[in-house]
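K.L.:
Fold the following and give me the result.
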Amino acid sequence: YRNINKLHGGSYLEFYKKDLKVNKYFNFPDKVTYFRDYKKTVDDFYEIFKTVIKGQIDSTSLNVGSTLSGGLDSSSISLIVDKYKRDRFHTYSVLFNGLNKKDFLLTDEKKYIDEVLKNINSKHSFINLHLKKDGPIIDLERKYSEFQFPFLIINGYIHQSLYEKCNEEGVNFLFDGLFGDEIISHGTYRLGELVRSGRFIKFLLEVWHLKKNNVIQSIKSPIKIYLLSPLKTKINNFFIFDSSRKIKNNKYEDLSNILNKQHKFEKIIKEYKYSLKRDFISEHKEQIYFYKSGIIEHSLEQLDFMATRLNVEPIYPFLDKRIVSFCMRVPTKFKLNNGVTRLYFRESMKEIFPKKIYERQTKSNISPFTKYDINNRFVKKLNHIEKSDGLVSEMVDFEEIKNKKTGSGQLSSFNIISLHLWLEAVFKQSK
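P.N.:
Take a look at the predicted model:
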């Protein structure tokens, strides 16, 4: 990939004679003026959301489908697509089979899906995945010869099943609620803003309401993250007079120790560690950091590669720049209040949401599938890579990565295996 450049999001190429220029058609503002009128914010969002989806439907020429997981994002899209569709459209839900009863209940969203289906006229399909036949690693091994790059979306096997079903049923355009969580925002950055402004009682009440609504499992974690850790850092820095030595909060888990110390990764590790340590200033700053991180465009590139091979074009309403720009101007107090997350979004959809969807605070948990892969495939695959003589086996401290079986450790294991499979495929093709 040397001397091959990528056109980043919000940019376009302009050719004139022999000159090539990259221009921006969309920039994220350094500062925003927040909305002040809650009711107007709610009403305006609904109108913009409807306008965006209607325009996206009008731009399609063939059969249209929509994902329907039972969550707020996919439900809102499906309900509005139903209002403006030209013909009966298709909806798709994924069921996770083969789990024990406890784990199945964590993934089961059928009661929410059925509530939405009562309110729309769609041809619905349930896609059945099975624990022993589907999952992150088994899907990588099954389809890796198709990919031209390391595939780094751990839930890609779910998207693949959706695209395959669309292709089977002749659906060419699929509405997807991807990145709704990040664009709409659950409003949890409000906790950091409350602490930063010294409103500690309001912060503790908000945490208590979140626990009461089952949004969080424990009140200890947010208190540690938003209150105790920053307080400890401030106390430590009070006694450090050299500003270059002052400590910053480490917001994310440090995974640099999974790299083999015998390799020359000093520069990479230093840059990585620095990126982890950012003091919280505002939700706006965090959003800008996320949008510019490349996560969105990287995900879209990989999903587009999967979808277009099956003649499916995904449509992502939440990534429309009108919605992104609007949501960046919504203050956190309109997003989280008394433990109710995504408040303005819920209210904007209140008239069309079934009651169960409007009132739900929890999300489905599909981690049992990933956990099964970790226990039955990840470790075996990592052992195989460790014993091989490839590049990955030289770069990774395998004992360290095997000890990280949750959260970021899962993703790191998946990425390591994906990189190894990709390099194997590249070397085979070059022979």
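
K.L.:
Helix, strand, or coil at Ile120?
P.N.:
When states are read from DSSP: H, G, I helix; E, B strand; the rest coil, the local structure at Ile120 comes out as coil.

K.L.:
Leaving out sequence neighbours, find the closest residue to the residue most central in space within the chain.
P.N.:
Of all residues in the chain, the one closest to the mean position by CA atoms, centre = their mean is Phe179, 5.3 Å from it. Taking CB to CB, 6 or more residues apart in numbering, and ignoring the residues beside it in sequence, Phe179 has Phe318 as its nearest neighbour in space, at 5.3 Å. C-beta coordinates here come from the backbone N, C-alpha and C atoms, glycine included.

K.L.:
Tell me who's in contact with the one you found.
P.N.:
Phe318 sits next to Asp73, Gly177, Leu178, Phe179, Gly180, Ile183, Ile184, Val324 when contact means CB atoms under 8 Å, 6 or more residues apart in numbering.

K.L.:
Now do the contacts for the fifth one.
P.N.:
Under the criterion of CB under 8 Å, 6+ apart, the contact list for Gly180 reads Leu72, Asp73, Ser74, Phe318.

K.L.:
Please apply the same query to Arg377.
P.N.:
Residues counted as contacts of Arg377 (CB under 8 Å, 6+ apart) are Gly135, Ile137, Ile138.

K.L.:
how much space is there between it and Met328?
P.N.:
For Arg377, the distance to Met328 under the criterion CB to CB, to the nearest Å works out to 40 Å.

K.L.:
for Val22, same thing?
P.N.:
Using CB to CB, we find Val22 at a distance of 23 Å from Met328.

K.L.:
what about these two, which has more around it?
P.N.:
With other CB atoms under 10 Å as the criterion, Val22 and Met328 differ in neighbour count, and Met328 comes out ahead with 18 against 11.

K.L.:
And the pLDDT at the closest residue in space to that one that isn't next to it in sequence?
P.N.:
Distance criterion CB to CB, 6+ apart; nearest residue to Met328, sequence neighbours excluded, is Val32 at 5.5 Å. According to the model's per-residue confidence, Val32 sits at a pLDDT of 86.

K.L.:
same thing with the one 5 residues further on?
P.N.:
Confidence per residue is given as pLDDT, and for Asp37 that number is 97.

K.L.:
gap between stretch 183-199 and the chain center?
P.N.:
Centroid displacement of stretch 183-199 relative to its chain, using CA atoms, centre = their mean, to the nearest Å, is 19 Å.

K.L.:
going forward can the numbers begin at 535, since that is how I track them
P.N.:
Shifting the count to begin at 535 puts that one at stretch 717-733.

K.L.:
Show residues contacting that stretch.
P.N.:
Outside stretch 717-733, the residues within contact range by CB under 8 Å, 6+ apart are 607, 734, 736-737, 740-741, 749, 756, 760-761, 764, 814-817, 820-821, 852-853, 857-858, 861, 864, 866-871, 875-877, 879.

K.L.:
Please list the members of the contacts of Phe852 that lie in helices.
P.N.:
Using DSSP state H to define helices, the subset of the contacts of Phe852 located there is Asp607, Gly714, Ile717, Ile718, Val858.

K.L.:
possible to save these as a markdown table with distance to Phe583 and pLDDT?
P.N.:
Supplementary listing: the ones in helices among the contacts of Phe852 in a markdown table, determined by distance: CB to CB, whole Å; pLDDT from 0 to 100:
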| residue | distance to Phe583 | pLDDT |
| --- | --- | --- |
| Asp607 | 11 | 96 |
| Gly714 | 11 | 95 |
| Ile717 | 11 | 95 |
| Ile718 | 10 | 95 |
| Val858 | 12 | 94 |
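
K.L.:
Same list (those) but as a markdown table, adding distance to Asn845.
P.N.:
Rendered in a markdown table, the data for the ones in helices among the contacts of Phe852 read as follows (distance: CB to CB, whole Å):
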| residue | distance to Asn845 |
| --- | --- |
| Asp607 | 25 |
| Gly714 | 25 |
| Ile717 | 27 |
| Ile718 | 30 |
| Val858 | 28 |
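
K.L.:
Are any of the contacts of Gly714 buried, and if so which?
P.N.:
For those, a burial check counting by 16 or more other CB atoms under 10 Å picks out Leu606, Asp607, Ser608, Phe852.

K.L.:
in terms of contact, does the third one touch Ser600 like I think?
P.N.:
Same thing as Ser608. Yes: Ser608 sits in contact with Ser600 when judged by CB atoms under 8 Å, with a separation of 6.9 Å.

K.L.:
Identify the contacts common to the two.
P.N.:
With contacts defined as CB under 8 Å, 6+ apart, the residues adjacent to both Ser608 and Ser600 are Asp710.

K.L.:
in what helix or strand does Ile647 lie?
P.N.:
Remark: Ile647 resides in helix 644-651, with elements defined by DSSP states H and E.

K.L.:
Where does the residue nearest to Phe713 sit: helix, strand or coil?
P.N.:
Quick answer, by three-state DSSP: Phe852 is helix.

K.L.:
That one and Ile688: what is the separation?
P.N.:
Taking CB to CB as the criterion, Phe852 is separated from Ile688 by 20 Å.

K.L.:
Val576 too?
P.N.:
Plainly put, Val576 is 34 Å away from Ile688 if you go by CB to CB.

K.L.:
Using CSV, write out every CA atom in stretch 731-748.
P.N.:
Extracted C-alpha coordinates of stretch 731-748, given in CSV (Å, rounded to 0.1, in the frame of the first residue of the first chain):
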residue,chain,number,x,y,z
SER,A,731,-18.9,21.8,36.8
GLY,A,732,-18.9,20.8,40.5
ARG,A,733,-22.5,19.5,40.6
PHE,A,734,-21.6,16.4,42.5
ILE,A,735,-25.1,15.8,44.1
LYS,A,736,-26.7,15.8,40.7
PHE,A,737,-24.0,13.5,39.4
LEU,A,738,-24.6,11.0,42.2
LEU,A,739,-28.4,11.2,41.6
GLU,A,740,-28.0,10.6,37.9
VAL,A,741,-25.8,7.5,38.6
TRP,A,742,-28.4,6.2,41.0
HIS,A,743,-31.1,6.6,38.4
LEU,A,744,-29.0,4.8,35.8
LYS,A,745,-28.6,1.9,38.1
LYS,A,746,-32.3,1.9,39.0
ASN,A,747,-33.2,1.8,35.3
ASN,A,748,-30.7,-1.1,34.7
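
K.L.:
Now do that stretch: distance to the chain's middle.
P.N.:
Relative to where its chain is centred, stretch 731-748 has its mean C-alpha point 25 Å off (CA atoms, centre = their mean).

K.L.:
List the buried residues in it.
P.N.:
Buried residues in stretch 731-748, defined by neighbour count with 16+ other CB under 10 Å: Phe737, Leu738, Glu740, Val741, His743, Leu744, Lys745, Asn747.

K.L.:
now for the host helix or strand of the fifth one, which elements pack on it?
P.N.:
So the one you mean is His743. His743 is part of helix 734-746, with elements assigned from DSSP H and E. For helix 734-746, the helices and strands in contact under the criterion 3 or more CB pairs under 8 Å, 6 or more residues apart in numbering; DSSP states H and E are helix 723-730, helix 754-757.
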